[in-house]
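Asks: Here is my input; please provide its structure:
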Amino acid sequence: MSSRPRPVPMDMVSVLPPAGVPLHAHISTPSNSTATGIDPTLPSIVFCHPTWLDAFFFYPQTEDPLFTDGYNLVAFDMRGHGLTARGPRSKHYDAWSVADDIAASMDGLGIRAAHVVGVAFGAVVAANLASAHSERVKTLTLISLPPNVDDEDTAMGYAECREALVAATLARDVDTMDAITQATFAYDAGPLSPAIREVRDEYMVAARERLQASPEEAAEAAFYVWEPVTTRRPQTTEEMARISAPVLILQAAANEEPTFTEDAQLWAFRYNALHRNTRAQVHMIDNVGHFMTLTSPNVVNPLVAKFIGTPASAGLPPLPRVGARISGPSEPRRPSTPRSATFGGFDMAVPFTHGPTAGDAMDRVNVYVDVVTEVVG
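Replies: Purely as a prediction, here's the structure:
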């Protein structure tokens with residue numbers, strides 16, 4: 001009889017976060033892309049998603065052999081997102097609270113430490129996780145790190161979205177719910193390819209199903225979507241000093257507001273001033289959107305995999321020198337497995353296919369095709 005440990009059976013994490021709300025986890029292992037538990041003999045990569053979306057956002061990574069070969073891939077739905085329940089409203093809930101939720105949920109899955117990847121607001125969560133639970137984070141990848149503080153127009157936009165979400169939920173106003181999702185994708189993922197439009201449309205259906213609620217539930221939904229985003233703050237010197245992992249920051253160059261790139265560079269500067277043995281490196285990428293893990297996985301995945309050091313990345317070129325601009329044609333792909341098959345809970349039809357994508361081709365031949373990325377400078 002083999003002495004190899006058996007995978008931990010886990011659909012929902014059994015160790016509850018502080019608020020008593022179990023986080024739903026999407027888990028992929030080398031032997032099972034829809035696993036109910038991790039393989040404890042393998043290292044893990046944990047993904048932190050942007051607000052309004054959920055763990056399905058990371059299908060371009062959880063289906064890529066650069067990551068799937070030799071790793072547990074885990075993405076949690078934050079409270080009030082995806083298949084995670086909202087639960088009773090906490091008196092205090094911010095990006096640090098989300099980080100604590102994820103740490104407790106990692107405990108529930110038996111993950112002592114992991115490589116952590118966060119995108120947009122998820123990058124804030126990932127950085128806070130690495131500070132509050134530094135022993136849990138092996139490497140830290142921050143993608144599309146938002147500015148420390150929102151400008152007046154952005155703050156006003158968030159407030160309007162929060163009010164609109166409550167009103168739309170109470171009135172069962174599907175058009176307004178759809179408009180929030182459409183605006184999110186137009187700003188963060190545009191221009192939309194056919195493949196990404198299909199993903200956006202699936203998220204619209206998911207929002208309709210999830211946010212039909214009572215007045216109290218409508219307020220709770222808006223609270224968990226927008227409260228942690230609007231209350232985020234820069235880490236203090238002491239908080240940043242507690243991070244012990246090496247850091248990779250990927251930031252869109254051409255399509256981002258100046259404050260996005262400047263704040264990312266400032267984050268790395270502060271980190272490097274505080275650390276001698278670990279460093280933060282920033283790479284600007286041209287011609288990609290804020291949601292670059294979704295829209296440009298052919299550019300992003302090789303960089304992240306090389307930084308983490310996955311076995312499948314051994315044949316890739318080294319990371320570009322710090323300061324070099326990276327460019328490459330974006331090649332989004334459709335998921336290999338329909339959302340309804342991996343997440344359940346939503347009555348979704350398989351979307352109409354507008355045309356073959358890189359993902360479709362990859363699914364058919366079941367091989368990973370390296371995409372040459374141009375390094376400028």
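Asks: All the helices of this protein, residue numbers only.
Replies: Taking DSSP state H, the helices of the chain run over residues 59-62, 65-68, 95-109, 121-132, 152-171, 174-188, 194-210, 215-230, 237-241, 258-274, 292-295, 297-308, 339-343, 358-365.
Asks: Please enumerate residues in contact with the fourth one?
Replies: Where contact means CB atoms under 8 Å, 6 or more residues apart in numbering, the residues beyond helix 121-132 that reach it are 47-51, 78, 95-96, 98-100, 102-103, 116-118, 136-137, 140-146, 228-229, 232, 235, 239-240, 242-245, 267. Every residue, glycine included, has its C-beta placed from N, CA and C.
Asks: Can you name the residues that contact residue 21?
Replies: Going by CB under 8 Å, 6+ apart, residue 21 touches 79, 84-87, 101.
Asks: Relative to residue 98, how far out is it?
Replies: Here the distance between residue 21 and residue 98 works out to 11 Å (CB to CB, to the nearest Å).
Asks: overlap in contacts of these two?
Replies: With CB under 8 Å, 6+ apart applied, the overlap between the contact sets of residue 21 and residue 98 consists of residue 79.
Asks: Which pLDDT value belongs to residue 179?
Replies: According to the predicted model, the pLDDT of residue 179 comes to 89.
Asks: can you check residue 194 too?
Replies: As predicted, residue 194 sits at a pLDDT of 92.
Asks: what do you get for the one 5 residues further on?
Replies: Confidence at residue 199, expressed as pLDDT, is 92.
Asks: Same question for the one 10 residues further on.
Replies: pLDDT, the model's per-residue confidence, is 76 for residue 209.
Asks: Setting the sequence-adjacent residues aside, check what's closest to residue 235.
Replies: With sequence-adjacent residues excluded and distances taken as CB to CB, 6 or more residues apart in numbering, residue 235 is closest to residue 131, at 6.1 Å.
Asks: Now do that neighbour against residue 122, distance only.
Replies: Taking CB to CB as the criterion, residue 131 is separated from residue 122 by 15 Å.
Asks: Next: residue 276.
Replies: From residue 276 over to residue 122 the distance is 28 Å, taken as CB to CB.
Asks: between these two, who's got more neighbours?
Replies: Here residue 276 and residue 122 are compared on neighbour count by other CB atoms under 10 Å; more neighbours surround residue 122, at 30 against 7.
Asks: who's in contact with the residue nearest the centre of the chain?
Replies: Relative to the mean C-alpha position of the chain, the nearest C-alpha, by CA atoms, centre = their mean, is the one of residue 49, at 2.7 Å. With CB under 8 Å, 6+ apart as the criterion, the residues that contact residue 49 are 55, 57-58, 75, 77-78, 81, 119, 122.
Asks: ok, the residue nearest to residue 306 when sequence neighbours are not counted - how many residues close by?
Replies: Leaving out its chain neighbours, the residue that sits closest to residue 306 by CB to CB, 6+ apart is residue 313, at 4.7 Å. By other CB under 10 Å, the residues close to residue 313 number 19.
Asks: who touches residue 313 in this structure?
Replies: If you count contacts by CB under 8 Å, 6+ apart, residue 313 has them with 66, 302, 305-306.
Asks: would a markdown table of these with distance to residue 28 and pLDDT be doable?
Replies: Rendered in a markdown table, the data for the contacts of residue 313 read as follows (distance: CB to CB, whole Å; pLDDT from 0 to 100):
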| residue | distance to residue 28 | pLDDT |
| --- | --- | --- |
| 66 | 13 | 98 |
| 302 | 19 | 98 |
| 305 | 15 | 98 |
| 306 | 20 | 98 |
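Asks: As TSV, the residues you listed with neighbour count and distance to residue 30 would be great.
Replies: Putting these into TSV (neighbours: other CB atoms under 10 Å; distance: CB to CB, whole Å) gives the following:
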residue	neighbour count	distance to residue 30
66	21	12
302	23	19
305	23	15
306	18	19
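Asks: any low-confidence regions in this protein?
Replies: In the predicted model, the chain carries pLDDT under 70 at residues 1-20, 87, 210-215, 254-259, 338, 340-377.
Asks: Most tightly packed of the helices of the chain?
Replies: helix 292-295 (a mean of 28; mean count of other CB atoms under 10 Å).
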